[in-house]
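1. Kindly return the folded structure for what I paste below:
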Amino acid sequence: WVMTRPISTDLVSEHNRQQEAALTADYDALAAKLARREVDIEQLTQAATSFAVALPSWGVGTGGTRFARFPGPGEPRTIFEKLDDCAVIQQLSQATPTVSLHIPWDRPTDPAELKGFAHDRGLAFDAMNSNTFQDQADQAQSYKYGSLTHTSEAVREQAIKHNIEVIELGKALGSKALTVWVGDGSNFPGQQHFRNSFSHYLDSAKTIYGALPKDWNMLLEHKMFEPAFYSTVIQDWGSSYLAAKETGERCLSLVDLGHHAPNVNIEMIVARLAQFGKLGGFHFNDSKYGDDDLDSGSIDPYQLFLVFLELVDFKTAEPSFTPFYMLDQSHNVTDPVESLMYSAAEVQRAFIKASLVDRSRLAQYQADNDPLMAQATLKAAFNLDVEPILQMARHRTGGAIDPIATYRKSGYRGIVTKQRPASGGSGSGIV
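-> Presented below is the predicted three-dimensional model:
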């Protein structure tokens with residue numbers, strides 16, 4: 001078996017060769033600096049090599065807003081073309097070995113063919129995502145007023161059936177989780193009975209959970225608002241936790257960085273859910289105002305670091321803790337392949353910096369009620385430039401020292417633009 005490499009390995013090697021001397025010098029300098037702190041750089045490099053975050057299949061296409069969408073050149077038209085783009089990201093970044101599918105957007109006619117196609121490109125499948133926030137051409141009932149929480153039993157049954165079908169497809173593809181996000185809610189006071197709608201959600205979730213394989217997890221994703229603007233059934237981590245707790249042991253909460261009210265302490269939410277065994281996954285992105293789905297680390301990299309501070313801390317205490325990590329972003333003005341490579345590195349960077357925190361010293365400052373030095377301990381790790389570690393991890397595993405520069409040198413976007421006809425002008429709505 002020979003893996004299909006979308007970018008010439010000779011080009012990657014040549015690009016790396018030009019930067020090897022500089023990388024070695026930077027890496028050795030950082031190693032010496034870390035050694036003075038009694039930190040072994042090789043352990044951190046190994047941790048970076050082992051770190052992985054899933055790609056969203058929909059993320060390799062151009063995103064949009066409620067007002068318009070402006071298609072980009074060479075956009076993937078099929079799930080196979082999406083996987084080709086994901087293979088580029090994994091080849092160069094070496095941090096994104098799995099892809100999360102969205103059904104029915106990515107439904108294959110032959111799951112075995114799709115699984116083989118992915119395997120040939122060094123990819124596997126992460127959590128499956130169901131879609132009951134849009135009406136499809138072949139469905140009998142509309143989700144305009146809800147899906148799993150709809151007042152109509154027929155609509156709820158249709159939504160439940162769809163989720164179970166997604167599970168069955170995921171089993172054929174080798175996935176191990178189902179992510180459920182619903183836009184169910186209301187836009188006006190009095191429109192929806194709060195307790196009844198939540199009860200409908202619990203009943204629907206339990207039915208779906210009953211179809212879950214024994215080695216699978218069910219991930220419940222909450223979101224404060226949009227598309228509903230007065231109330232959302234699963235609007236916050238409390239609602240998600242309650243639903244997961246009621247549904248079953250392998251039903252867990254999934255946290256998306258952009259799905260909270262402004263200025264919410266997300267890292268504390270992460271700690272609370274982890275402490276009670278209900279943190280199942282994380283969707284990484286960044287935001288300024290709401291669910292902006294901007295590139296991870298582009299707005300508030302310190303918050304991303306603080307989230308990983310909690311994730312690393314809990315992983316140390318509970319080695320069996322293995323949450324599902326995924327990038328969930330919308331790329332409206334950038335090349336999606338570039339944004340996803342950059343974001344994967346930013347998430348990886350936050351993980352390494354969080355791993356650098358002197359935990360024993362931090363614990364002592366916390367015990368002594370010394371807030372200034374406790375914060376300074378965090379900043380000592382956050383302010384350190386760990387780029388040489390990320391570069392060396394990529395280089396050693398066959399990736400690119402500089403993924404974006406290598407990608408641009410390859411001319412991949414221009415090549416696929418010729419192979420994939422333009423999808424047309426601006427369209428309305430979120431994609």
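2. And for Met392, the neighbour number?
-> 23 (other C-beta atoms under 10 Å). The way it works is simple: take the backbone N, C-alpha and C, and place the C-beta from them, glycine included.
3. next one: Leu173
-> Neighbourhood size, Leu173 [other C-beta under 10 Å]: 19.
4. Now for the spatially closest residue to it that is not a sequence neighbour: which residues touch it?
-> Spatial nearest neighbour of Leu173, chain neighbours left out: Phe125 (4.6 Å); criterion: C-beta to C-beta, 6 or more residues apart in numbering. By C-beta atoms under 8 Å, 6 or more residues apart in numbering, the residues touching Phe125 are Thr98, Val99, Ser100, Leu101, Lys115, Ala118, Gly170, Leu173, Gly174, Ser175.
5. Nearest the middle, which residue of the protein would you pick?
-> The centre of the chain sits closest to Met326, judged by C-alpha atoms, centre = their mean, with a distance of 1.8 Å.
6. could you give the mean pLDDT of the host helix or strand of that one?
-> If you go by DSSP states H and E, Met326 is part of strand 324-327. Averaging pLDDT along strand 324-327 gives 98.
7. That one: what's the following helix or strand?
-> Proceeding N to C from strand 324-327, the next assigned helix or strand is helix 336-356, under DSSP H and E.
8. quick one: average pLDDT of that following helix?
-> Per-residue scores along helix 336-356 average to 98.
9. same check, this time on stretch 5-21
-> For stretch 5-21, the per-residue pLDDT averages 97.
10. Just the buried positions in that stretch, please.
-> Across stretch 5-21, burial judged by 16 or more other C-beta atoms under 10 Å covers Pro6, Ile7, Val12, His15, Asn16, Gln19.
11. Just the pLDDT for the most far-flung residue of the chain relative to its centre.
-> Largest separation from the mean C-alpha position in the chain: Asp368, at 37.0 Å (C-alpha atoms, centre = their mean). Asp368 carries a pLDDT value of 98.
12. residue contacts, it?
-> By C-beta under 8 Å, 6+ apart, the contact set of Asp368 is empty.
13. ok, the buried residues of stretch 5-21 vs Glu75, which is closest?
-> Pro6 (15.8 Å; C-beta to C-beta).
14. I'd say that closest one and Gln91 touch.
-> Yes. Using C-beta atoms under 8 Å, Pro6 is in contact with Gln91, at 6.4 Å.
15. Where does the prediction get shaky in this structure?
-> Low-confidence regions of the chain, defined by pLDDT under 70, span residues 1, 423-431.
16. can you map out the strands along it?
-> Using DSSP state E, the strands of the chain run over 55-56, 98-100, 124-125, 128-129, 177-180, 185-186, 217-221, 231-232, 251-256, 279-284, 324-327.
17. how about these, which one is nearest Thr151?
-> Among those, the nearest to Thr151 by C-beta to C-beta is strand 185-186 (11.4 Å).
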